[in-house]
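Colleague: Fold the following for me, if possible:
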Amino acid sequence: MEPPALLWSVDNCTIARAMAIIGDKWTFVVLRDVFQGIHRFDQMRVRTGIPRQVLTNRLDRLVAEGLLRREPYREEGSRTRTEYRLTDKGLDLYPVLVAILAWGDRYLADPEGSPIELVHRDCGAPVHAPLNCTAGHEVKSPREIAPRPGPGARRRV
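Modeller: This next block holds a predicted model:
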């Protein structure tokens with residue numbers, strides 16, 4: 001028996017569209033740093049070791065896609081430069097970054113543990129990205145989730 005998903009086209013798949021924007025290593029490395037308060041090109045280069053042209057290309061793409069915005073700044077005695085700040089569209093990727101971190105911590109961390117902990121600013125408790133349905137139930141396993149065609153689904157031809 002064939003899986004029901006084979007009946008539906010993936011031509012307008014939003015996962016594929018999202019991965020076309022964010023689906024390479026350097027994009028999430030840049031976003032990680034901006035989420036951690038690193039906003040300047042030279043700071044990103046020092047921290048990540050990303051080649052200059054690769055970083056330039058990623059920042060340009062993230063700005064063009066509306067995930068980051070450029071803001072000018074000027075230190076005394078220097079020329080005007082650019083900082084990169086998250087837009088609302090970029091901020092909406094934070095739960096994805098938290099989920100990637102959790103997966104990496106579970107399977108790829110050094111024996112000592114994760115190099116970073118995410119905590120709630122107000123109470124200091126660890127933060128994680130749970131799955132919940134709109135009725136408010138926590139989904140504890142992907143096996144509790146059933147995919148079904150959404151409003152944009154198209155039959156495969």
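Colleague: isn't there a strand covering Asn57?
Modeller: No - using DSSP: H, G, I helix; E, B strand; the rest coil, the assignment for Asn57 is helix, not a strand.
Colleague: okay, it: pLDDT?
Modeller: If you check Asn57, the pLDDT there is 96.
Colleague: Now do the longest helix along the chain: everything it contacts.
Modeller: For the chain, the helix with the greatest residue count under DSSP state H is helix 94-108. Outside helix 94-108, the residues that touch it by Cβ atoms under 8 Å, 6 or more residues apart in numbering are Ile22, Phe28, Leu31, Arg32, Phe35, Gly113, Ser114, Ile116, Leu118, Val127, His128, Ala129. C-beta here means a position set from N, CA and C on the backbone, and glycine is covered the same way.
Colleague: ok, 7 Å please
Modeller: Contacting residues not belonging to helix 94-108 are listed as Phe28, Leu31, Arg32, Phe35, Ser114, Leu118, Val127, His128, Ala129 [Cβ atoms under 7 Å, 6 or more residues apart in numbering].
Colleague: Counting neighbours, which of the residues you listed comes out on top?
Modeller: Leu31 (22 neighbours; other Cβ atoms under 10 Å).
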